[in-house]
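Trainee: next come a sequence and a model predicted from it.
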Amino acid sequence: MGDFKMNSVTCKAPVNIAVIKYWGKRDTKLILPLNSSVSFTLCTEHLCATTTAAVSPTFKQDQIWLNGEKIENLRLTACLKEIRRRARKRKSVSDNDTDDNIPLEMLNWNVHICSKNNFPTAAGLASSAAGYACLAYCLAKLFKVEGNISDIARLGSGSASRSIFGGAVQWDMGWDSSGSDSIARQLYPHTHWPELKVVILVVSDQQKKVSSFSGMQGSVETSELLQYRIKHCVASRLDAVVNAIGNKDFETFAVNTMKESNQFHAVCLDTYPPISYLNDTSHTIQNLVHSFNKYHQCAKVAYTFDAGPNATLYMLEESVDLFINIVQHYFPPSSSTIGEPFVRGLPVNLIDNIDENLLNLKSIPTTPGAIKYIINTAVGSGPEVVMDPNESLLGEDGLPKEYKESSQH
């Protein structure tokens with residue numbers, strides 16, 4: 001082990017939740033979208049992927065582990081190939097082995113990558129966005145690749161391009177067939193609208209029956225509504241949402257965010273065979289949001305649902321405590337729930353004097369256990385390098401710590 005040589009980097013990257021949805025590709029290989037999209041990047045403290053990437057002359061081949069299991073994935077390979085290409089290009093321009101460069105031979109060494117999520121994978125919580133953004137960001141740090149790497153993350157998962165940046169982010173669809181202009185860019189930093197908060201209601205942590213990839217393909221091939229949406233709806237709604245974020249106009253932001261979510265799921269139902277990502281609890285959450293807003297005679301909460309039943313709710317900080325208390329009233333934890341707390345993330349204050357009209361909504365049945373848990377979080381600043389070596393997912397021998405532990409049992 002005295003001659004063992006290894007360079008490694010560990011990073012964390014966040015989930016992003018789109019308010020203008022990406023659904024459908026014009027190029028499936030390069031992952032080029034049919035329309036531009038807008039999202040908010042969430043805080044890495046509560047929802048993130050962690051990745052360690054290491055390179056060594058002793059590694060026999062490139063190897064990847066996800067959540068403790070060794071996998072083979074062509075999209076991961078595509079990201080790695082493009083990172084190496086850019087690193088070689090940068091090396092050819094600057095041959096000086098300075099602190100901001102890497103040894104030439106390192107470009108020919110094999111890579112070990114280990115990644116894990118601190119939330120359920122493939123359950124409609126944007127796990128692929130966090131995972132591939134983390135992969136691209138980590139490899140870029142390892143090989144000292146600079147510039148906008150959102151297009152590299154895009155090769156893994158389209159929505160991952162948006163997780164490369166914090167705050168409010170737009171992924172431009174682009175027009176070039178090469179995909180060179182299909183990149184993400186930050187619209188506003190996470191500090192722009194500090195009052196805006198995010199609450200996620202986890203209805204299911206199980207893998208969804210129809211993946212986003214196959215769902216998109218089905219919609220592109222069969223949905224007339226998707227084609228109408230792209231031609232007549234997305235551009236104007238995107239402008240409205242971007243302007244609302246810039247002006248901190250929550251009412252306009254909320255209405256357009258909910259209409260966009262509804263139209264996205266209408267496209268899924270218009271797909272043949274139809275796709276239904278929402279369930280009864282999802283619809284009840286929608287009703288609760290509209291009832292809450294009607295009570296206040298303005299939009300206080302906005303829902304959006306990605307390709308799954310879990311609700312992401314945007315609201316201003318002044319509404320968080322009250323709304324989460326009401327959610328707990330209508331969706332109390334199951335009596336069998338043990339272990340993790342029902343409300344996770346940022347602390348929530350208990351409210352005793354809630355108006356009875358909000359606690360006795362006839363259209364909202366009380367359903368214990370329908371929501372598995374609640375995540376109270378905020379808009380975040382984007383990917384980051386983890387400096388603590390103890391948080392590395394790879395051991396000193398370049399093998400995953402968890403993988404080795406599990407294989408010994």
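Mentor: Okay, I see it. Note that the coordinates shown come from a computational prediction; the quantities given were computed from them, not determined experimentally.
Trainee: how about stretch 241-259: buried residues?
Mentor: Neighbour counts using 16 or more other C-beta atoms under 10 Å place 241, 242, 244, 245, 250, 253, 254, 255, 256, 257, 258 of stretch 241-259 among the buried residues. Every residue, glycine included, has its C-beta placed from N, CA and C.
Trainee: what sits against the fifth one?
Mentor: Right, residue 250. Residue 250 sits next to 196, 244, 299, 302, 316 when contact means C-beta atoms under 8 Å, 6 or more residues apart in numbering.
Trainee: wait, which of the residues you listed is closest to residue 214?
Mentor: Comparing the contacts of residue 250 against residue 214 with C-beta to C-beta picks out residue 302 as the nearest, at 28.2 Å.
Trainee: so the closest one sits in a strand?
Mentor: Yes - remark: residue 302 belongs to a strand, assigned using DSSP: H, G, I helix; E, B strand; the rest coil.
Trainee: and the closest residue to it other than its chain neighbours, what pLDDT?
Mentor: Spatial nearest neighbour of residue 302, chain neighbours left out: residue 254 (3.5 Å); criterion: C-beta to C-beta, 6 or more residues apart in numbering. According to the prediction, residue 254 has pLDDT 98.
Trainee: go ahead and confirm residue 254 touches residue 299.
Mentor: Yes - taking contacts as C-beta atoms under 8 Å, residue 254 lies within contact range of residue 299: 3.7 Å.
Trainee: where does the prediction get shaky in the stretch 1-150 of the chain?
Mentor: Scanning the stretch 1-150 of the chain for pLDDT under 70 picks out the ranges 1-4, 92-101, 120-126.
Trainee: go again using 50 as the cut-off
Mentor: Applying pLDDT under 50 to the stretch 1-150 of the chain flags the ranges 1-2, 98-99.
Trainee: quick one, phi psi at residue 50?
Mentor: Main-chain dihedrals, residue 50, degrees, to the nearest 10: phi -120, psi 130.
Trainee: tell me the contacts of it?
Mentor: By C-beta under 8 Å, 6+ apart, residue 50 lies in contact with 10, 11, 12, 115, 116, 117, 118, 134, 386, 391, 393.
Trainee: just the element for the fifth one, please.
Mentor: Using DSSP states H and E, residue 116 falls within strand 110-117.
Trainee: can I get that strand as CSV, trimmed to CA atoms?
Mentor: What follows is strand 110-117, C-alpha atoms only, in CSV (Å, rounded to 0.1, in the frame of the first residue of the first chain):
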residue,chain,number,x,y,z
ASN,A,110,-9.4,4.8,-14.4
VAL,A,111,-12.0,6.3,-12.1
HIS,A,112,-14.0,4.9,-9.2
ILE,A,113,-17.3,6.7,-8.5
CYS,A,114,-19.5,6.1,-5.5
SER,A,115,-22.8,8.0,-5.1
LYS,A,116,-25.7,8.0,-2.7
ASN,A,117,-28.9,10.0,-2.0
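Trainee: now do the contacts for residue 53.
Mentor: Residues counted as contacts of residue 53 (C-beta under 8 Å, 6+ apart) are 8, 9, 111, 112, 113, 135, 138, 139, 142.
Trainee: change it to 7 Å
Mentor: Residue 53 sits next to 8, 9, 111, 113, 138, 139, 142 when contact means C-beta atoms under 7 Å, 6 or more residues apart in numbering.
Trainee: could you give the angle of the helix or strand hosting residue 49 to strand 110-117?
Mentor: Using DSSP H and E, residue 49 maps to strand 48-56. On the basis of axes from the mean of the first three to the mean of the last three C-alpha atoms, to 10 degrees, strand 48-56 is oriented at 170 degrees to strand 110-117.
Trainee: so what are the sheet partners of strand 48-56 and their directions?
Mentor: Strand 48-56 sits in its sheet next to strand 7-14 (antiparallel), strand 110-117 (antiparallel), going by DSSP bridges.
Trainee: please save the CA atoms from the helix or strand just after the last one in PDB.
Mentor: Which is strand 110-117. Downstream of strand 110-117, the next assigned helix or strand under DSSP H and E is helix 127-142. The C-alpha trace of helix 127-142 is given here as PDB (Å, rounded to 0.1, in the frame of the first residue of the first chain):
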ATOM      1  CA  SER A 127     -33.100  12.000  -7.600                       C
ATOM      2  CA  SER A 128     -31.600  11.700 -11.000                       C
ATOM      3  CA  ALA A 129     -31.200  15.500 -11.200                       C
ATOM      4  CA  ALA A 130     -29.200  15.600  -8.000                       C
ATOM      5  CA  GLY A 131     -27.200  12.400  -8.800                       C
ATOM      6  CA  TYR A 132     -26.000  13.400 -12.300                       C
ATOM      7  CA  ALA A 133     -25.400  17.000 -11.300                       C
ATOM      8  CA  CYS A 134     -23.200  15.700  -8.400                       C
ATOM      9  CA  LEU A 135     -21.400  13.400 -10.700                       C
ATOM     10  CA  ALA A 136     -20.600  16.100 -13.300                       C
ATOM     11  CA  TYR A 137     -19.600  18.600 -10.600                       C
ATOM     12  CA  CYS A 138     -17.400  16.100  -8.700                       C
ATOM     13  CA  LEU A 139     -15.600  14.900 -11.900                       C
ATOM     14  CA  ALA A 140     -15.100  18.500 -13.000                       C
ATOM     15  CA  LYS A 141     -13.400  19.300  -9.700                       C
ATOM     16  CA  LEU A 142     -11.300  16.100  -9.900                       C
END
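Trainee: how far does helix 127-142 sit from its chain's centre?
Mentor: 11 Å (C-alpha atoms, centre = their mean, to the nearest Å).
Trainee: same question for stretch 325-336.
Mentor: Per C-alpha atoms, centre = their mean, the centroid offset for stretch 325-336 relative to its chain is 26 Å.
Trainee: pretty sure residue 251 is touching residue 298, no?
Mentor: Yes - with contact defined as C-beta atoms under 7 Å, residue 251 reaches residue 298; the gap is 6.1 Å.
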